[in-house]
Every structure is written in C-alpha cells, then in structure tokens.
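Participant: kindly return the folded structure for what I paste below:
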Amino acid sequence: MSPSAQGDDDRRAERVADDFHRIYGGSPDGVWAAPGRVNLIGEHTDYNDGFALPIALPQTTLVAARARVDGRLRLHSAQGDGRITELPVAALAPGATTGWARYPAGVVWALAEAGHPVGGADLHFDSTVPTGAGLSSSAALECAVAVAYDELYGLRLPGPALARIAQRAENAFAGVPCGIMDQMASVCCTAEAALHLDARTPQHHRQVPFDLRGQGLGLLVIDTRVAHDLGDGAYAALRAGCERAAALLGLPALRDLPAGELPQALRDLPEALAPLVRHVVTENARVEEAVSRLRAGDAAALGPILTAGHASLRDDYRISCPETDLAVSAALGAGALGARMTGGGFGGSVIALLEAGREGEVGASVTAAFDAAGHRPPRLFAVAPAAGARRMHPRTPSTPAPAPARSAPFPRRTQ
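Facilitator: Numbering: from 1, shown residues only. The predicted model follows:
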C-alpha cells in the first residue's frame, strides 16, 4: 500500500472513531476493517466443495467497536436510517432482527452458539463496499464484526474459523445459503495476491501472486446497478439443484465428479440439472487453469478464462441478465482481454481484465453501450488485490484483550 493510501485509511478510521464518540459517547476500543471481494473465477463452486480464486477489494467496511459488560448489543450504520438497533445478546436468535442489522447480529449469535465467551458491544459501521453489486458487502459487514469480536473478547481464532463463523451467520441467521468463499476472501486475502480456495478444506488455502501493475494490466469493475438479493430464493434453488444432482450421481458433492466422467453424468441426469453440473465441473477446471497461469507469471492469459466463465454462467447456470451480458460484450469489443460477471448473479457487477491505462477507454465504451440500450449509467472503478480483514487503529493494541476484558481505547483525534 502506498503511503498516501495508508494515510487515507488512517484518516477514515479516525473519522469513524469520531462518529462513534458522537453516537455513543466515549471512545471505541478500536477500529477494524473488512473488505469486499471480486471473484476472478470459480463462481457457485464453493457450496459444491469446489475451488475459487477471489481477491479482496480496496473498498472496506469499517467498524468502531467497544465491548459492553451488560450483555447489550447496539448497532449503528452511517449508511442506515440514523437509528440504533439494540438487542440483548442472550436473546439473539434467527429472526430477532431484520435488514442490514441481521448480518452483524448474526455473527455475535454464531460466536455464542459455538461456545465462545462473548458479550455485548457498541458497534458503529461505515462502508465503501457497494451494496447489491455482487461484491460481498454482507460478508464485509460480517467479517468486520468477526475480527473485532475476536480481539475484544480475546478469542484468538484463526482466519478460516472466523470465516466459518461469518458464513454461519449468513446461512442460519440472515437466511442466505451461501458457501464460504466470500467470507474467506474478506478475512484471508493478502495484497497483490489471489486466494486459491478449496472450499472443502479452507484452512489449506494458498496465496497466488497476482501483480497486476507489474505485468502491465488493470482490472475494471463495472457495477451494472442492477441490484441483486441472494435471499430471494433463486440462489437457494440453485444450491438445492446441485445437491440433488450430486445425490443422484452418488457423490458427496459435485467437486467429486471427474471431468472425464462429465459426458456420461450429463446423460444420466434430468435435463434441468445437467447444465448446473456442467457449469460446476468446468468452472472448477477454469480455476485450476487460472492458478496455473498466474503461477507461470502470465496473468494476461486469464482473459479467455474469464470470458469462458461468463458464457457458462449465462448459458448453463442462467444467472446473467441483459445488463451484465452487455457489459461483457462492450468491454470485449473495446479491447478488454477478458470479462465476466462476478458474484451470485441476477445483476451485480462485471469484471474486465485489460491492459493498464485502458480503463477509461473501456469504461467509456461500456457507458455508451448502456446509454444506447436505455440502461442507467454503470458505476466504474479500477481495483487491485488488497489486504483482508485487519485492525485499523490503533495498529497494535497497547495491552492484550483477554475475554471479557476490554482492549486499549482508541485515542481521540485532536483538533
């Protein structure tokens, strides 16, 4: 991270701490951050025990947090309606709250359900991760709470365990049957690398060097502004279809189907399930090919892999939409090396891999195509692989934070 970017992060953390003081009174025990993510390749594979290759975004959710001794959980968001949601930790259960608050509340519930000695807290959030854009704003919210609580209550859980807690919150508390990829990316990614995830054994994840700038490349995110909601049932239906297909094939999960046996499996399966299986098996193969290309130092070779992944999501998984298809075709027509939708589908964002310096040209072509089609202008921003969840300030607490004692207070900014 450049010194200027580090300074921007520090100033943002101080502003969030100041807002905490205005909302709750007093200082937070610290400020933590968790990023959104872009998945390079490996979509809808994680809940099939498969492989994925995400990176963390520079966009993050910050949480200023202070432990409480009375068992009350208070939640406030700069992006909310100004109200504080207050809940007793002992009474947390699925359905206890709705809207955005169910994600952080779900993490506290999941920690307690797992037997960890956690209590209440005052939490104030501020996020730059776009919501509804397929960039895992919910996982960023969950993982910010997970890493904050890990320190506030001295849990000392490893990254994959925190990701499991966050996934449990989203599955059982928020009601979204996602896999673990989003949470693993938010917690475990590192800067200038992609996370090679095996969803069956996430603790064995590997970092794969992904130096965009060093190879003269850029990565453009195209937010189509078609919001998606993975809790609306379509996502759950896809997962159920994959699980039914695996059961019919006598497999623990679709990741266990060898590529060589795919043709016969497609003949044996009901017509409605065969395309789902074809996508998962070929997408896993695309992840492995992408990792091989990155390890060989040939990131530009990801282009055709991304484009093939989009075709599979569009034609087999059928989760694309006119806006994402248009963004992909317009980006490719403007010279992008490859492009595909990223995230759960039914809207959201497209990523385009391109030569460095061509972001403006490609973005302008996509915007013109959207205008000609009568769509709202997309939101465009360049990204590079960023760091995963972390304490923002103070960088190192002055004293350890054994449960349930409170960690060192966040110093107030002086004018």
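
Participant: could you use CA atoms for every contact and neighbour count after this?
Facilitator: Noted.

Participant: burial measure for Ala114, as a count.
Facilitator: By the criterion of other CA atoms under 10 Å, Ala114 has 11 neighbours.

Participant: helix or strand next in line after the longest strand seen in the chain, which one?
Facilitator: In the chain, assigned by DSSP state E, the strand with the most residues is strand 54-68. Once strand 54-68 ends, the next helix or strand along the chain (criterion: DSSP states H and E) is strand 72-77.

Participant: so how far is the lowest-mean-pLDDT helix or strand in the chain off the chain centroid?
Facilitator: When the helices and strands of the chain are scored by mean pLDDT, DSSP states H and E, helix 3-24 comes last with a mean of 87. Between the mean C-alpha location of helix 3-24 and the chain-wide mean there is a distance of 22 Å, by CA atoms, centre = their mean, to the nearest Å.

Participant: just checking, what packs against it?
Facilitator: strand 30-39, strand 54-68, strand 120-127, strand 390-393 (3 or more CA pairs under 8 Å, 6 or more residues apart in numbering; DSSP states H and E).

Participant: out of the ones you listed, the one nearest Phe381 is which?
Facilitator: Between Phe381 and these, the tightest spacing by CA to CA is seen for strand 54-68, at 10.5 Å.

Participant: nearest to Ala227, of the helices and strands packed on helix 3-24?
Facilitator: Closest to Ala227 of the helices and strands packed on helix 3-24 is strand 30-39 (CA to CA; 15.7 Å).

Participant: the helix or strand that comes right after the closest one pairs with which strands, parallel or anti?
Facilitator: Next helix or strand after strand 30-39 toward the C-terminus (DSSP H and E): strand 51-52. Pairing partners of strand 51-52, with direction, according to DSSP bridges: strand 193-198 (antiparallel).

Participant: ok, back up a step: the least confident helix or strand of the chain vs strand 120-127, what angle?
Facilitator: 130 degrees (axes from the mean of the first three to the mean of the last three CA atoms, to 10 degrees).

Participant: so for helix 3-24, what gets flagged as buried?
Facilitator: By 16 or more other CA atoms under 10 Å, the buried positions in helix 3-24 come out as 9-10, 13-21, 23-24.

Participant: for it, give me every contacting residue.
Facilitator: Identification of contacts with helix 3-24 by CA atoms under 8 Å, 6 or more residues apart in numbering yields 26-28, 30-31, 62-64, 122-126, 392-393, 410, 412-413.

Participant: then stretch 163-171?
Facilitator: With CA under 8 Å, 6+ apart as the test, stretch 163-171 has contacts from 103, 106-107, 109-111, 139, 142-143, 146, 176-180, 183-184, 187.

Participant: returning to that earlier point: compute the inter-axis angle for the least confident helix or strand of the chain and strand 30-39.
Facilitator: 120 degrees.

Participant: ok, now how distant is Pro209 from Glu192?
Facilitator: Using CA to CA, to the nearest Å, Pro209 is found at 6 Å from Glu192.

Participant: for Glu271, same thing?
Facilitator: 42 Å.
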